[in-house]
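> this one's sequence-less:
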């Protein structure tokens, strides 16, 4: 097996640039396949250069992943499972929320981060009238990580175009670091952001839309896709320049910070949700940092999200319930902004009590009224805020789920489990 004796140097990634096309692309794919049982060190070196080949039709089937979404009897939802054959622990899955990279999906587990690209979608109807839709994914890249992945975030700089592919994302690890990967077909850059002293729960990049703070801001101007925020159990939110691996600002809170999210249109606004139940909206360019706040009146808040479709909507999970705030109820405005919202916003909606605690809350990217919750240990539920008394879809897995995410361009929920990614298409 001659291919197993070729590894290359991790400090010279351009040494494998020739593997981007032609026969060399096929050789590198074979090399990766033949070394699945080699030592972890060699696997990590090979993973660092796997971005340099583009999957082709004649490559081994392990480089192309397919699944069928079959419509469930009595419902409008279709479900399917993608086998990944990696990670012995529940995987963290994150689909890109940005239009330019809507087909990209990342998942991470034990010491590895994998990127897939959705390449095709085909629908059909069965004899019984059920609808089957096939999704096809190609492998894009692997990145070695310094520990187990705890959360992921895509940068809006990412692009899924095969001819101009660009990977830009951040992953938090169990060693309390945030590791940022910036890669194209010709170059790679990895930056480690060090500063947190405890588990990192959430990451959010500054979005592409809206106006970034000007030079008169009291902090460094935020740059689209370059600056990010990270939330930790150490009671802090850190703002970073990801490309330069430099800290920008630290925001202190009274308890563990479970979630952060930038406003989809005004990147100077940042939501931070703490385990104590307090959800604060920071204005990063104002004289008073906290623009307004929400409070769940319940401790044990585990996750929160700010809708990218309707920026007046916030949601979170506390104990066995989900809660929703609507900023329009406090100000009468149609957008949540530092100029129109002040003080405290009351709870607009409270979900029914579930049998076990809820751990994740995620708004849909395509429908303002749809959101998903993750219920321990392995139940993903989709709700419609216009009719919240009962869920519209509920999926169960055989192993514990590690997270939940939505595709950017479709009402489709993904959740990661033990070597599997579950899909629910509405």
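Ah, there it is. These numbers were taken from a predicted model, which means no experiment stands behind them. Residues are numbered from 1 along each chain as shown.
> going forward, measure contacts and count neighbours with C-alpha atoms only.
Fine.
> Would you state the helices of the chain in chain order?
22-34, 40-48, 328-331 (DSSP state H).
> Tell me where the model's unsure across the chain.
1-64, 73-74, 86-88, 122-131, 209-225, 286-289, 291-292, 296-298, 329-344 (pLDDT under 70).
> Recalculate using a threshold of 50.
Within the chain, the stretches with pLDDT under 50 are 1-7, 9, 11-62, 126-127, 210-220, 331-342.
> what residue is smack in the middle of it?
A centroid search over the chain (Cα atoms, centre = their mean) returns residue 94, at 3.1 Å, as the residue closest to the centre.
> And it, how close does it get to residue 351?
Distance, residue 94 to residue 351, by Cα to Cα, to the nearest Å: 25 Å.
> can you check residue 383 too?
9 Å.
> Neighbour count: the two, which is higher?
residue 383 (20 against 17; other Cα atoms under 10 Å).
> can you pull the contacts of that one?
370, 371, 372, 373, 390, 391, 392, 393 (Cα atoms under 8 Å, 6 or more residues apart in numbering).
> could I get those residues as a markdown table with distance to residue 322 and neighbour count?
Output for the contacts of residue 383, formatted as a markdown table (distance: Cα to Cα, whole Å; neighbours: other Cα atoms under 10 Å):
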| residue | distance to residue 322 | neighbour count |
| --- | --- | --- |
| 370 | 13 | 19 |
| 371 | 10 | 24 |
| 372 | 10 | 24 |
| 373 | 8 | 25 |
| 390 | 12 | 13 |
| 391 | 12 | 16 |
| 392 | 15 | 16 |
| 393 | 16 | 18 |
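> Take these and keep only those in strands.
370, 371, 372, 373, 393 (DSSP state E).
> Next one: the fourth one relative to residue 386, how far apart?
I take that to be residue 373. 16 Å.
> same check, this time on the first one
Shown here: residue 370 relative to residue 386, a distance of 9 Å by Cα to Cα.
> so how many other residues sit close to the closest residue to residue 379 other than its chain neighbours?
Distance criterion Cα to Cα, 6 or more residues apart in numbering; nearest residue to residue 379, sequence neighbours excluded, is residue 396 at 4.6 Å. Counted with other Cα under 10 Å, residues neighbouring residue 396 total 14.
> and if you look at the one 3 residues further on?
Residue 399: 16 surrounding residues under other Cα under 10 Å.
> wouldn't it be in contact with residue 415 here?
No: checked against Cα atoms under 8 Å, the pair residue 399 and residue 415 is beyond contact range at 11.2 Å.
> Residue 141 contacts residue 117, doesn't it?
No: Residue 141 is not in contact with residue 117 according to Cα under 8 Å; the separation is 9.6 Å.
> Now residue 310: closest residue in space, sequence neighbours ignored.
Residue 310 sits nearest to residue 368 (Cα to Cα, 6+ apart), 5.9 Å away.
> what does residue 316 give?
Counting by Cα to Cα, 6+ apart, the residue nearest residue 316 is residue 304, at 3.9 Å.
> Thought residue 360 was touching that neighbour, still the case?
Yes: using Cα under 8 Å, residue 304 is in contact with residue 360, at 7.4 Å.
> Give me the more crowded residue out of those two.
residue 304 (30 against 25).
> For the more buried one, list the residues it contacts.
Contacts of residue 304 by Cα under 8 Å, 6+ apart are 258, 259, 260, 273, 314, 315, 316, 317, 360, 361, 362.
> Mind giving me the ChimeraX select for the residues you listed, buried ones only?
Buried subset of these, written as a ChimeraX selection, criterion 16 or more other Cα atoms under 10 Å:
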select :258,259,260,273,314,315,316,317,360,361,362
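> Go through the contacts of residue 304 and flag which are in strands.
Among the contacts of residue 304, the members falling in strands (DSSP E) are 258, 259, 260, 273, 314, 315, 316, 317, 360, 361, 362.
> still on that earlier bit, return the residues in contact with the residue nearest to residue 379.
Residue 396 neighbours (Cα under 8 Å, 6+ apart): 378, 379, 380.
> which non-adjacent residue is nearest residue 110?
Closest to residue 110 by Cα to Cα, 6+ apart is residue 148, at 4.5 Å.
> wait, doesn't that neighbour sit right on residue 176?
No: checked against Cα under 8 Å, the pair residue 148 and residue 176 is beyond contact range at 10.1 Å.
> tell me, what's touching those two both at once?
Going by Cα under 8 Å, 6+ apart, no residue sits against residue 148 while also sitting against residue 176.
> check contacts around the residue nearest to residue 110.
Here residue 148 is in contact with 108, 109, 110, 111, 112, 173, 174 (criterion: Cα under 8 Å, 6+ apart).
> Please repeat the previous calculation with a cut-off of 6 Å.
Counting by Cα atoms under 6 Å, 6 or more residues apart in numbering, residue 148 makes contact with 109, 110, 111, 173, 174.
> Residue for residue, what is the longest strand this protein has?
The chain, longest strand under DSSP E: strand 131-154.
> What are the buried residues along that one?
Of the residues in strand 131-154, those buried (16+ other Cα under 10 Å) are 131-133, 135-154.
> Tell me which strands that strand pairs with, and in which orientation.
strand 64-71 (antiparallel), strand 110-125 (antiparallel), strand 166-173 (antiparallel) (DSSP bridges).
> And it, how far out from the chain middle?
10 Å (Cα atoms, centre = their mean, to the nearest Å).
> How about residue 182, nearest residue that isn't a chain neighbour?
Nearest non-adjacent residue to residue 182, counting by Cα to Cα, 6+ apart: residue 168, 4.5 Å away.
> Distance-wise, check the one you found relative to residue 158.
5 Å.
> same thing with residue 425?
Relative to residue 158, and taking Cα to Cα, residue 425 is found at 24 Å.
> Tell me which of the two has more neighbours.
For residue 425 versus residue 158, the count of surrounding residues by other Cα under 10 Å is larger for residue 158: 24 against 20.
> show me what contacts that one?
Residue 158 neighbours (Cα under 6 Å, 6+ apart): 101, 166, 167, 168.
> Most neighbours among those, please name it.
Result: residue 101 is most packed of these (other Cα under 10 Å), 25 neighbours.
> Verify the contact between it and residue 160 for me.
Yes: counting by Cα atoms under 6 Å, residue 160 is a contact partner of residue 101 at 4.5 Å.
> list the contacts for the nearest residue to residue 184 once chain neighbours are set aside?
Once flanking residues are discounted, residue 184 sits nearest to residue 166: 4.7 Å by Cα to Cα, 6+ apart. Residue 166 makes contacts with 158, 159, 183, 184, as judged by Cα under 6 Å, 6+ apart.
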